[in-house]
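>>> generate coordinates for the sequence data below:
(one chain, ligands or ions: 1)
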Amino acid sequence: MKKIMEIKENEFSINHIKNLSEGTLIIIRNSPTPHKLRNELKKKNKNLNDFYLKKKKPSTKDIKTLTNRIKSLRDNYEIPYLFKEIIEKIHFKPIKIDNGISRLVFDSKTLSNIEECDFFEKEDFKRRSPDSNTETFMPGNANIHRDFNRPHDHLQINFWFPMHDTSDEEVLRIWPDLYKENILDMTNSEENIDSLGVPAQYQLNFGDIIVFHSEHIHTSPKRNSETTRHTYELRVAYDCYDDNNHYRSNFTDFKNIKNEKNRIQISKIKKGLSPSKKKSKKETFSEEIFLSRSQFSKPSNAKIKDFINRTNSPYFLMKMVEKIKTSKDLIELAIKKAEKEKNKIPEEKYLPVNYKNRRTQIKASESIERIKREKN
Ligand SMILES: [Fe+2]
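Got it, this is the predicted structure:
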């Protein structure tokens, strides 16, 4: 099997999902999307040119403006928005996407200087909870891990790309030979890394993106006391009828990204704010926005029925039954629809192999069974 495939962005298509599911790594060469993102990052600060072009350390003040920009792009779902054309090429319903994970790495001296001044927030150095936004400054290397290592109704692919040219030493380490092998997460020690053998050999220029299945065992690029680096990762999940929140609360349905009005509401909801009370004319149907609004004013039975008809997500059907007090007839209708949709999940294709890890297994069917028990 060919382990690394190189393509141009206009060649990327739904057919590549098969390659990715077989463990092939795909490098998209020279995509305009990282360029667009970097322009957005630099927008209010020309001083950052030296950081991105020459890897020159920015001043603390420039680092502060950069972190503000990173957080604003993240909170407003600008990164998946920039990627919408690429995602569209591999689109089938339903599909969820996160808000993009920035990994900003500075040498230890710069990092301790930053930590000493009071320009920055606590969450810049340590995330609030495991599923909340990633810290702005990457404190150390990530564990050697798979994003998913347990049975789950799920298929996720990750897009990883640097914000500047990188050598083969500065790229994400992935072991395609160990794809779906029974190896679980481990600490990022030299000894553990050596035990895995040689990682995939590749190099990325600025503009290149590596795409991989989230069940690949992987870890951060090499790092030493001199390292300066800025990279991004974007995760896209298919056929995920169940909940992503146990893993990362920032995922949203791709339809909310494609529509700018929806995206604004989702940004508010994820920040813990309430969405606008009234649906704007340009807004399209979204389960998350509907359920969020229903917390402030109870929808009519007709609107609940319309929700049941429109959604194809067992997860959101069950969330609706949990969150909105409604008639027995509508509960039954929602359960019936959820079971019908659940049966469309091609389990043999999307369920990962059974790793020995018996940690939480979250399946749409389990939540339907639970709701049935509770409502009877
Ligand atoms: Fe990961």
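>>> against which helices or strands is whichever strand in the chain runs longest packed?
Using DSSP state E, we find that the single longest strand of the chain is strand 229-238. For strand 229-238, the packing partners by 3 or more Cβ pairs under 8 Å, 6 or more residues apart in numbering; DSSP states H and E come out as helix 78-82, strand 95-97, strand 101-105, strand 155-162. From N, CA and C alone the C-beta is placed, and that goes for glycine too.
>>> what does the very next helix or strand once past it contact?
Downstream of strand 229-238, the first helix or strand assigned by DSSP states H and E is strand 252-253. Contact with strand 252-253 is made by Y77, P94, I95, K96, I97, D98, N99, I266, K270, S286, E287, E288, as judged by Cβ atoms under 8 Å, 6 or more residues apart in numbering.
>>> now with 7 Å, please.
P94, K96, I97, I266, S286, E287, E288 (Cβ atoms under 7 Å, 6 or more residues apart in numbering).
>>> which of the residues you listed are buried?
P94, K96, I97, I266, S286, E287, E288 (16 or more other Cβ atoms under 10 Å).
>>> confidence score at R358?
What the model reports for R358 is a pLDDT of 55.
>>> same question for N244.
Confidence at N244, expressed as pLDDT, is 64.
>>> F125 now?
86.
>>> which SS class is S129?
Assigned by DSSP: H, G, I helix; E, B strand; the rest coil, the conformation of S129 is coil.
>>> count of residues packed around the closest residue to L48 other than its chain neighbours?
In this structure, L48 finds its nearest non-sequential neighbour in K42, 4.7 Å apart by Cβ to Cβ, 6 or more residues apart in numbering. Neighbour count of K42, defined by other Cβ atoms under 10 Å: 18.
>>> stretch 209-229 spans what distance, first to last residue?
Distance between the two ends of stretch 209-229: 15 Å, counting by Cα to Cα, to the nearest Å.
>>> thinking again about what came up before, how about the buried ones among the contacts of strand 252-253 in CSV, adding distance to E6?
Formatted as CSV, those follow (distance: Cβ to Cβ, whole Å):
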residue, distance to E6
P94, 30
K96, 27
I97, 24
I266, 34
S286, 36
E287, 37
E288, 36
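>>> pick the one among those closest to K336.
When the buried ones among the contacts of strand 252-253 are compared for distance to K336 (Cβ to Cβ), E287 wins out at 17.2 Å.
>>> quick one: pLDDT of the residue lying closest to that closest one once chain neighbours are set aside?
What sits nearest to E287 in space, not counting adjacent residues and going by Cβ to Cβ, 6+ apart, is F316, at 3.8 Å. Per-residue pLDDT puts F316 at 90.
>>> list the buried ones in the helix or strand hosting F316?
Applying DSSP H and E as the criterion places F316 in helix 314-323. Under the neighbour-count criterion of 16+ other Cβ under 10 Å, helix 314-323 has P314, Y315, F316, L317, M318, K319, M320, V321 buried.
>>> I'd like the residues you listed as JSON lines, with distance to P139 appended.
Shown next, in JSON lines, are the buried residues of helix 314-323 (distance: Cβ to Cβ, whole Å):
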{"residue": "P314", "distance to P139": "37"}
{"residue": "Y315", "distance to P139": "33"}
{"residue": "F316", "distance to P139": "35"}
{"residue": "L317", "distance to P139": "39"}
{"residue": "M318", "distance to P139": "37"}
{"residue": "K319", "distance to P139": "34"}
{"residue": "M320", "distance to P139": "39"}
{"residue": "V321", "distance to P139": "41"}
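>>> check G140 and give its pLDDT.
pLDDT for G140: 79.
>>> so R146 makes contact with H213?
No: if you go by Cβ atoms under 7 Å, R146 and H213 don't touch, sitting 9.3 Å apart.
>>> the more surrounded of those two?
Higher neighbour count among R146 and H213: H213, with 26 against 21, using other Cβ under 10 Å.
>>> next one: the more buried one from Y179, what distance?
Shown here: H213 relative to Y179, a distance of 7 Å by Cβ to Cβ, to the nearest Å.
>>> shared neighbours, the two?
In contact with both H213 and Y179: G23, using Cβ under 7 Å, 6+ apart.
>>> any regions of the stretch 1-150 of the chain where pLDDT drops low?
Low-confidence segments of the stretch 1-150 of the chain (pLDDT under 70): 1-2, 92-94.
>>> can you give me the strands in it?
Remark: strands assigned in the stretch 1-150 of the chain by DSSP state E, counting those that start in this stretch are 4-8, 25-29, 95-97, 101-105.
>>> can I get the last one in CSV, CA atoms only?
Put plainly, it is strand 101-105. In CSV, the C-alpha atoms belonging to strand 101-105 read as follows (Å, rounded to 0.1, in the frame of the first residue of the first chain):
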residue,chain,number,x,y,z
ILE,A,101,-6.5,24.2,16.8
SER,A,102,-3.6,26.6,16.8
ARG,A,103,-0.3,25.3,18.1
LEU,A,104,2.1,28.2,18.9
VAL,A,105,5.5,27.0,20.1
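>>> tell me which strands and helices that strand is in contact with?
With contacts defined as 3 or more Cβ pairs under 7 Å, 6 or more residues apart in numbering; DSSP states H and E, strand 101-105 has these neighbours: strand 229-238.
>>> which residues are in contact with the strand it packs on?
With Cβ under 7 Å, 6+ apart as the test, strand 229-238 has contacts from 37, 79-80, 83, 87, 95-98, 100-105, 154-164, 170, 214, 244, 251.
>>> not counting sequence-adjacent ones, nearest residue to E6?
Nearest residue to E6 in three dimensions, chain neighbours excluded: I27, at 4.8 Å (Cβ to Cβ, 6+ apart).
>>> show me what that neighbour is bridged to.
When bridges are called by DSSP bridges, I27 pairs up with E6, I210.
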